[in-house]
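A.B. asks: pasting the structure only:
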């Protein structure tokens with residue numbers, strides 16, 4: 001029996017149970033988004049479908065809404081709208097992860113689910129924790145069913161990484177192809193250059209470094225949460241760079257997440273490249289989400305063949321720019337809706353999975369472009385021929401607008417708590433879909449070619465909805481919440 005594991009799980013369960021009444025009474029708690037039962041939530045992890053059941057693991061600090069010691073929490077579902085919460089499943093209880101269970105992925109391999117994650121170890125002392133003072137160990141855990149966890153096996157230690165990297169190597173994403181296992185890890189090279197490491201393995205335990213991916217020009221000092229996948233014959237390299245300079249219509253948050261289309265990472269070779277280093281075309285980097293609150297997404301292939309993405313509605317170090325007042329209420333952050341990723345030419349689109357339509361309730365008519373949704377939770381779809389401009393307002397202070405090729409999301413000071421405006425270039429406009437929950441909105445433009453995700457904090461539940469788009473067709477439904485069973 002691992003006593004530390006027992007203590008950490010018991011304390012998390014106690015906090016969840018004791019704080020449940022307070023969480024249930026909070027009007028800012030979302031109805032159809034996954035949230036931490038209490039405390040802090042960040043990256044989605046271990047996303048997969050295994051024997052018909054979807055699994056969403058997530059980094060979790062039940063002990064403090066401001067973050068701290070990370071464990072993994074666990075939700076599962078058969079249909080993406082009815083969920084079961086299984087509590088804490090992985091805790092920092094070994095020498096390889098004593099400072100936190102960090103991000104990772106799941107591989108469904110026959111009759112087993114195999115989880116890979118970064119075990120964080122921070123030493124006490126006078127360290128900068130970049131060049132020295134910490135370890136990022138890659139740990140493997142096998143589960144027969146997604147619920148019972150086997151023993152931890154450390155498959156990569158700092159000495160297994162290239163010598164020209166800092167201590168920051170983390171976030172394993174693993175997949176299997178043609179009988180071979182592959183893993184990508186995000187890294188920070190010495191000299192503050194972001195990169196991705198690609199490993200291969202014959203058995204999923206013994207790993208060999210194959211290649212590195214970086215950029216010729218400066219594109220951030222750290223690349224987190226790498227995710228390589230193939231969609232409709234096109235390979236995608238997705239990652240979250242830190243340290244990219246802010247622009248008027250790009251990289252507007254403190255950190256960013258996006259993708260580039262590439263040739264096969266397993267066979268790619270280009271002029272000017274030598275050794276094992278490959279250059280990613282970061283000049284074609286496209287952000288997944290242009291809103292205020294989005295980071296660290298992960299994708300997986302479900303049993304129907306859909307590529308599904310879930311992201312974190314939050315940001316690391318985000319409170320330097322704006323505040324989340326739910327911290328005072330004992331919780332912080334959420335996960336995005338599951339989004340199906342499809343390819344449209346040279347871009348990827350994200351759109352809420354079709355199962356979510358089952359949550360639609362009453363359809364509400366708009367009188368002269370206006371309506372009130374008493375629950376504050378709704379699904380709004382507006383379609384029309386491209387015009388000169390459009391404007392959609394929620395609660396009077398959350399405004400999506402488009403004019404002359406520029407889309408904007410603007411928030412009033414009362415709703416935004418420091419969030420003000422985010423912009424994106426959108427050449428033409430033909431559809432806007434907004435899924436609004438109690439304190440989060442996901443805005444899908446032109447079938448998900450561009451997406452804005454944001455938190456907002458209304459002072460009352462009922463939401464006013466106003467649409468100005470001459471000649472458009474508007475449909476508005478109330479939205480029911482997820483059904484969540486907590487064990």
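C.D. replies: Ah, there it is. None of the values given here were measured: they were computed from a predicted structure.
A.B. asks: Quick check: mean pLDDT of stretch 100-114?
C.D. replies: Averaging the model's pLDDT scores along stretch 100-114 yields 97.
A.B. asks: in that stretch, what's buried?
C.D. replies: 100-108, 113-114 (16 or more other CB atoms under 10 Å). Every residue, glycine included, has its C-beta placed from N, CA and C.
A.B. asks: got the buried residues for stretch 248-257?
C.D. replies: In stretch 248-257, counting by 16+ other CB under 10 Å, buried: 250-257.
A.B. asks: out of the residues you listed, who's nearest residue 206?
C.D. replies: residue 257 (30.9 Å; CB to CB).
A.B. asks: nearest residue to the closest one other than its sequence neighbours?
C.D. replies: residue 240 (4.3 Å; CB to CB, 6 or more residues apart in numbering).
A.B. asks: Is the one you found in contact with residue 254, as I believe?
C.D. replies: No - Residue 240 is not in contact with residue 254 according to CB atoms under 8 Å; the separation is 11.3 Å.
A.B. asks: Secondary structure element holding the residue nearest to residue 257?
C.D. replies: In the assignment (DSSP states H and E), residue 240 maps to strand 234-242.
A.B. asks: average pLDDT for that strand?
C.D. replies: 98.
A.B. asks: Need the residues that contact the helix or strand that comes right after that strand.
C.D. replies: Per DSSP H and E, strand 234-242 leads on to strand 258-262 as the next helix or strand towards the C-terminus. For strand 258-262, contacts defined as CB atoms under 8 Å, 6 or more residues apart in numbering pick out 234-241, 268, 280-282, 284-288, 346, 348.
A.B. asks: So among those residues, which ones count as buried?
C.D. replies: 235-241, 280, 282, 285, 287-288, 348.
A.B. asks: closest to residue 10 among those?
C.D. replies: Using CB to CB, these come closest to residue 10 at residue 240, 33.3 Å.
A.B. asks: Next, count neighbours for residue 115.
C.D. replies: Applying other CB atoms under 10 Å, we find 28 residues neighbouring residue 115.
A.B. asks: what's the answer for residue 324, then?
C.D. replies: Neighbours of residue 324 using other CB under 10 Å come to 23.
A.B. asks: What sits closest to it if chain neighbours are left out?
C.D. replies: residue 332 (5.4 Å).
A.B. asks: if I pick the one you found, what's in contact with it?
C.D. replies: With CB under 8 Å, 6+ apart, residue 332 has these contacts: 36, 39-41, 65-67, 314, 324, 326.
A.B. asks: would you list those residues in JSON lines and tack on pLDDT?
C.D. replies: JSON lines is the format used below for the contacts of residue 332 (pLDDT from 0 to 100):
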{"residue": "36", "pLDDT": "98"}
{"residue": "39", "pLDDT": "98"}
{"residue": "40", "pLDDT": "98"}
{"residue": "41", "pLDDT": "98"}
{"residue": "65", "pLDDT": "97"}
{"residue": "66", "pLDDT": "96"}
{"residue": "67", "pLDDT": "96"}
{"residue": "314", "pLDDT": "97"}
{"residue": "324", "pLDDT": "95"}
{"residue": "326", "pLDDT": "97"}
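A.B. asks: So which of the residues you listed sit within helices?
C.D. replies: Using DSSP state H, no member of the contacts of residue 332 falls within helices.
A.B. asks: Give me the subset of those lying in strands.
C.D. replies: Secondary structure from DSSP state E places 39-41 of the contacts of residue 332 in strands.
A.B. asks: can I get the residues you listed in JSON lines with neighbour count and distance to residue 393?
C.D. replies: Below are the ones in strands among the contacts of residue 332 laid out as JSON lines (neighbours: other CB atoms under 10 Å; distance: CB to CB, whole Å):
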{"residue": "39", "neighbour count": "25", "distance to residue 393": "33"}
{"residue": "40", "neighbour count": "22", "distance to residue 393": "31"}
{"residue": "41", "neighbour count": "26", "distance to residue 393": "29"}
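A.B. asks: from those residues, which single one is nearest residue 148?
C.D. replies: Checking the ones in strands among the contacts of residue 332 one by one against residue 148 (CB to CB), the nearest turns out to be residue 41, at 23.2 Å.
A.B. asks: Which residues are in contact with each of residue 240 and residue 254?
C.D. replies: In contact with both residue 240 and residue 254: no residue, using CB under 8 Å, 6+ apart.
A.B. asks: list the contacts for residue 32?
C.D. replies: Residue 32 makes contact with 81, 337, 356, 359, 377, 435, 437, 479-482, according to CB under 8 Å, 6+ apart.
A.B. asks: residues touching residue 383, list them.
C.D. replies: 430-431, 472-473.
A.B. asks: Please repeat the previous calculation with a cut-off of 6 Å.
C.D. replies: By CB atoms under 6 Å, 6 or more residues apart in numbering, the contact set of residue 383 is 431, 473.
A.B. asks: Go ahead and flag the most central residue of this structure.
C.D. replies: residue 311 (1.7 Å; CA atoms, centre = their mean).
A.B. asks: What separation do you get for residue 183 and residue 170?
C.D. replies: 12 Å (CB to CB, to the nearest Å).
A.B. asks: How about residue 355?
C.D. replies: Applying CB to CB to residue 355 and residue 170 gives a distance of 32 Å.
A.B. asks: And the two? Which one has more around it.
C.D. replies: Legend: neighbour count by other CB under 10 Å for residue 355 and residue 170, higher for residue 170 (23 against 16).
A.B. asks: For that one, list each beta-bridge partner.
C.D. replies: residue 186 (DSSP bridges).
A.B. asks: from what I can see it touches residue 119, true?
C.D. replies: No - using CB atoms under 6 Å, residue 170 is not in contact with residue 119; the gap is 9.3 Å.
A.B. asks: re the thing from before, which strands and helices lie in contact with the strand holding residue 240?
C.D. replies: strand 222-231, strand 258-262 (3 or more CB pairs under 6 Å, 6 or more residues apart in numbering; DSSP states H and E).
A.B. asks: how distant is it from the center of its chain?
C.D. replies: How far strand 234-242 lies from its chain's middle: 13 Å, per CA atoms, centre = their mean, to the nearest Å.
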